[in-house]
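S.K.: Got a predicted structure plus its sequence, pasted below:
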Amino acid sequence: MSDHDTSRHKGPIFVVGSPRSGTSILTWCLGQHANILPQEESGWLGEFAVSVGVHHSAGYMRGDRSQLSALDIDRAEFFKTIGDGINEMILLHRPQLEKKSRSIAKHNPAQAHVAFNVSKSVAEPKSRWVDGTPEYSHYICGLKKLFPDAKFVHIVRDVRSVVDSKLNFRPDGKRGLVKTEQEAYEYWIRTVEACLEAELALGKQGIYRLRYADLVQQPALALHGVLEFLDEPFMPACIEPVPHRINSSNVPADFCAAECGTDIHVVEHALRLSEQMQQPFIAAPPTRQAVVAFESTFDKRITFMAGLDAEYGSIQKEMLRLQAIGKKSVHGLNWCGVALAVNMAVALIVSLKEIFLPGTVTMKSHLLWLIFATAGASMYVTIRRTGFRNLYIQVIRRVTQIIRRITVNKVHRRHAITK
């Protein structure tokens, strides 16, 4: 079997789990294996998988009159064909990754370490790759469709340690991953529950759970188990990154995350789930119900994203309609104001003329004219002010509705991702 065939057969590896649970260190441990090419966090594959689903749906939109439907290209083939292309592209760009790694080491030796090699020699086959993007915990179904032979390793860490780490981790030196203790607990719960859903649907053949404590305390034994799951022989080099800290949060020894505003029920739920996750992992065979739920979450996400374009188009049309109404109203009010202004000016001139140069017009007539002209002008000013105010209020209300709708969509989107 050639290296190319081997890469297709074994497929890529995705390390998933809550951020601050050890996804990075485990990725680099696996990346030291002669057959596994480590990758920087990608971040684009999850949403890309959803987009592939959206575009496949578009290819079936008009039934047999749609291209993909007419060619009888089903969704599984569509996903796999694209996934094969991505897999091959990543493996073919190994030389570029190695070159960039050497360049970084040369210009900034502090960023280089022998325990974190892209490869130790060109002789290493590196026929598969590993990606440790934590956010992919919510995209496991889509990634499995792109890469049917992919394997997932779920690394789980005690929730209290994760919360402390999240609250103290500031990549830019200012902002942290979360703002509050409760947000940190909720983030952990959503991510771990997404991985649990994948465990139930994929079973022991598709996903492996590893405790962070085991990786740190018994790295050789822990990595033996992971590599056996990945169908790769154990290599001592995989242990080398474990003693080194990367992306550390530097949690103070006396740090206490307890905040008075934190919902105790959220904390209790997280602690129970964390205790459950620390038990030995026994993967049961996937049930039909678990598989349906797993697929349903991904399908709902595709349906939601497919409807966003239509929703955006309707919002754009509504905004144009409101702008047209506003311009038309302003145009009509302007001509009305000109007429009333001319009428009042003429009434004022006639009134002044009759006061200083009395003529045929009675005093009563021109005063009535002036009074009515003034009243008309006053009404115009009032209507104009009220009209613009109402128009302003209407526009603000409409924009608020649109913003609210977009916000709700984003909430639904986040819910679909993290469910």
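M.R.: It's in. As the structure is a computational prediction, the values presented were derived from the model and not from experiment. Numbers count the residues shown, from 1 in each chain.
S.K.: could you pull out the helices for the stretch 51-200 of the chain?
M.R.: 67-70, 75-92, 94-107, 140-146, 159-168, 181-202 (DSSP state H, counting those that start in this stretch).
S.K.: Can you name the residues in contact with stretch 214-232?
M.R.: The contact list for stretch 214-232 (Cβ atoms under 8 Å, 6 or more residues apart in numbering) reads 10, 13, 22, 25-26, 29-30, 33, 35-36, 151, 153, 155, 204, 208, 210-211, 233-236, 238-239, 242. Where C-beta positions appear, they are placed from N, C-alpha and C, glycine not excepted.
S.K.: Next, the buried residues of that stretch.
M.R.: 214-215, 219, 222-223, 225-227, 229-230, 232 (16 or more other Cβ atoms under 10 Å).
S.K.: Quick one: distance of that stretch to the chain centre.
M.R.: 31 Å (Cα atoms, centre = their mean, to the nearest Å).
S.K.: can you list the helices of the stretch 51-200 of the chain in TSV and add mean pLDDT, mean neighbour count and distance to Trp44?
M.R.: Putting the helices of the stretch 51-200 of the chain into TSV (pLDDT from 0 to 100; neighbours: other Cβ atoms under 10 Å; distance: least, Cβ to Cβ, whole Å) gives the following:
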stretch	mean pLDDT	mean neighbour count	distance to Trp44
helix 67-70	93	14	23
helix 75-92	97	16	10
helix 94-107	88	13	16
helix 140-146	98	25	12
helix 159-168	89	22	23
helix 181-202	95	22	18
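S.K.: what's the closest of those to Val52?
M.R.: helix 75-92 (5.7 Å; Cβ to Cβ).
S.K.: can you list contacts of the closest one?
M.R.: In contact with helix 75-92 (Cβ under 8 Å, 6+ apart) are residues 4, 7-8, 11-12, 37, 39, 45, 49, 52-53, 56, 59, 68, 126-129, 145-148.
S.K.: between it and helix 94-107, how many degrees?
M.R.: Interaxial angle, helix 75-92 versus helix 94-107 (axes from the mean of the first three to the mean of the last three Cα atoms, to 10 degrees): 40 degrees.
S.K.: and helix 75-92, how far out from the chain's middle?
M.R.: Mean-position distance between helix 75-92 and its chain equals 22 Å (Cα atoms, centre = their mean).
S.K.: Likewise for stretch 154-166?
M.R.: Counting by Cα atoms, centre = their mean, stretch 154-166 is centred 21 Å from the centre of its parent chain.
S.K.: begin at 49 from here
M.R.: Shifting the count to begin at 49 puts that one at stretch 202-214.
S.K.: what are the C-alpha coordinates of that stretch, in PDB please?
M.R.: Provided in PDB are the C-alpha atoms of stretch 202-214 (Å, rounded to 0.1, in the frame of the first residue of the first chain):
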ATOM      1  CA  HIS A 202     -11.600  13.900  23.100                       C
ATOM      2  CA  ILE A 203      -9.300  15.200  25.800                       C
ATOM      3  CA  VAL A 204     -11.100  16.200  29.000                       C
ATOM      4  CA  ARG A 205      -9.900  18.000  32.100                       C
ATOM      5  CA  ASP A 206     -11.400  18.700  35.500                       C
ATOM      6  CA  VAL A 207     -13.800  21.600  35.000                       C
ATOM      7  CA  ARG A 208     -12.400  23.600  37.900                       C
ATOM      8  CA  SER A 209      -9.000  23.600  36.400                       C
ATOM      9  CA  VAL A 210     -10.400  24.600  33.100                       C
ATOM     10  CA  VAL A 211     -12.400  27.500  34.600                       C
ATOM     11  CA  ASP A 212      -9.400  28.800  36.400                       C
ATOM     12  CA  SER A 213      -7.300  28.600  33.300                       C
ATOM     13  CA  LYS A 214      -9.900  30.400  31.100                       C
END
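S.K.: okay, now the domains of the chain?
M.R.: Listed by automatic domain parsing, the domain ranges of the chain are 51-334, 355-466.
S.K.: Of all the ones you listed, which one is nearest Asp347?
M.R.: Across these, closest to Asp347 is domain 51-334 (Cβ to Cβ), at 7.7 Å.
S.K.: Filter the buried residues of stretch 262-280 down to the ones in helices?
M.R.: Among the buried residues of stretch 262-280, the members found in helices (DSSP state H) are 262-263, 267, 270-271, 273-275, 277.
S.K.: and those as JSON lines, adding distance to Ile363?
M.R.: Formatted as JSON lines, those follow (distance: Cβ to Cβ, whole Å):
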{"residue": "Asp262", "distance to Ile363": "51"}
{"residue": "Leu263", "distance to Ile363": "48"}
{"residue": "Pro267", "distance to Ile363": "53"}
{"residue": "Ala270", "distance to Ile363": "51"}
{"residue": "Leu271", "distance to Ile363": "51"}
{"residue": "Gly273", "distance to Ile363": "51"}
{"residue": "Val274", "distance to Ile363": "48"}
{"residue": "Leu275", "distance to Ile363": "51"}
{"residue": "Phe277", "distance to Ile363": "47"}
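S.K.: Could you identify the most distant pair in those?
M.R.: Using Cβ to Cβ, these span at most 15.7 Å, a distance reached by Pro267 and Phe277.
S.K.: Any idea how far stretch 322-333 is from the middle of the chain?
M.R.: 28 Å.
S.K.: List the contacts of the spatially closest residue to Ile203 that is not a sequence neighbour.
M.R.: Spatial nearest neighbour of Ile203, chain neighbours left out: Gly65 (4.3 Å); criterion: Cβ to Cβ, 6 or more residues apart in numbering. The neighbours of Gly65, taking Cβ under 8 Å, 6+ apart as the test, are 71, 182, 185, 202-205, 239-240, 243.
S.K.: got it, and Gln87?
M.R.: Applying Cβ under 8 Å, 6+ apart, the residues near Gln87 are 75, 79, 138, 145, 177-180.
S.K.: one more time with 6 Å
M.R.: 177, 179 (Cβ atoms under 6 Å, 6 or more residues apart in numbering).
S.K.: Any of the contacts of stretch 262-280 buried? List them.
M.R.: The buried subset of the contacts of stretch 262-280 - by 16+ other Cβ under 10 Å - is 58, 61, 70, 73-74, 77-78, 81, 83-84, 199, 201, 203, 256, 258-259, 283, 286-287, 290.
S.K.: Among the residues you listed, which lie within strands?
M.R.: 61, 84, 199, 201, 203, 256, 258-259 (DSSP state E).
S.K.: okay, the residues you listed in CSV with distance to Ala341 and pLDDT next?
M.R.: Listed next are those as CSV, based on distance: Cβ to Cβ, whole Å; pLDDT from 0 to 100:
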residue, distance to Ala341, pLDDT
Ile61, 24, 98
Ile84, 31, 98
Lys199, 21, 98
Val201, 22, 98
Ile203, 23, 97
Tyr256, 21, 96
Leu258, 24, 97
Arg259, 25, 96
